[in-house]
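Trainee: Got a sequence here, can you model it:
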Amino acid sequence: MKDVVQGYLRAHLDLIEQLHRHPGPMLDLAARLTRTLSSGGRVFAFGNGGSAADAQHFCAELVGGFRLKNAHRAAVSLVADAAVLTALGNDYGYDEIFAVQLRALAAPGDLALGLTTSGRSPNVLRGLETARELGAQTVCLCGNHTELVGPLADLVLSIPADETSLIQEAHGIVLHLCALLVERAEQERCR
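Mentor: Here you go, the predicted model:
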């Protein structure tokens, strides 16, 4: 069991070290988020399963404040409303659950953040495609497989891993860092 624990933690540390050596995409995402929010745009986040939980968590950090509890930002999780999700899944099909919401809510100047560890989730791909058609910025957090998301996203932040749990854990770190960087940028602007 000790070998399992140490092997898993070693894989995690190796992945974090790779992110540490290449912070550019994280800085780019934080800058895009900061520009969007400071100009009155909104962030829409979405994904499936663990990525859905990450999308909700990230929106909670933006709306409620990450470290600064008096800073509230316009962020909407497209996975949080069970009635909307089930109605859209029933009426339009599961692949359309994010696209329909974005058509109703998103506008130019907003940012759509799709999370898909596989890089292949049809509903996330449709969401990104729809956001782009609406003139919103598109960002995708994914794992190694970027061939389908690449043409749909203005920024692809690829985690160099294939194991879902490692990708999700890295996404959580990236999103926390971005929430922190957004707050830091706001503090700098207010000085």
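Trainee: Quick check, Leu155 in contact with Cys142.
Mentor: No - with contact defined as C-beta atoms under 8 Å, Leu155 does not count as touching Cys142 (11.2 Å). Every C-beta, even on glycine, is put in place using the N, C-alpha and C of the backbone.
Trainee: Show me which of those two is the more surrounded one.
Mentor: Cys142 (27 against 16; other C-beta atoms under 10 Å).
Trainee: any idea how far Val182 is from that one?
Mentor: 21 Å (C-beta to C-beta, to the nearest Å).
Trainee: repeat for Gly109
Mentor: Distance from Gly109 to Val182, by C-beta to C-beta: 16 Å.
Trainee: With Phe44 instead?
Mentor: Counting by C-beta to C-beta - Phe44 and Val182 are separated by 15 Å.
Trainee: do Leu29 as well
Mentor: 10 Å.
Trainee: Pick out whichever of those two has more residues nearby.
Mentor: Val182 (27 against 22).
Trainee: Just the CA atoms of the helix or strand harbouring Val139, as PDB, please.
Mentor: Using DSSP states H and E, Val139 sits within strand 137-142. C-alpha atoms of strand 137-142 as PDB (Å, rounded to 0.1, in the frame of the first residue of the first chain):
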ATOM      1  CA  GLN A 137     -13.900  34.100 -25.600                       C
ATOM      2  CA  THR A 138     -13.500  30.300 -25.300                       C
ATOM      3  CA  VAL A 139     -11.100  28.500 -23.000                       C
ATOM      4  CA  CYS A 140     -10.700  24.800 -22.400                       C
ATOM      5  CA  LEU A 141      -9.000  23.000 -19.600                       C
ATOM      6  CA  CYS A 142      -8.300  19.400 -20.600                       C
END
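Trainee: What's the first helix or strand after it?
Mentor: Next along from strand 137-142, by DSSP H and E: strand 155-158.
Trainee: pLDDT of that following strand, averaged?
Mentor: The average pLDDT for strand 155-158 rounds to 97.
Trainee: With stretch 176-191 instead?
Mentor: 88.
Trainee: Could you list the buried residues of that stretch?
Mentor: When burial is assessed from 16 or more other C-beta atoms under 10 Å, stretch 176-191 yields the following buried residues: 177-179, 181-183, 185.
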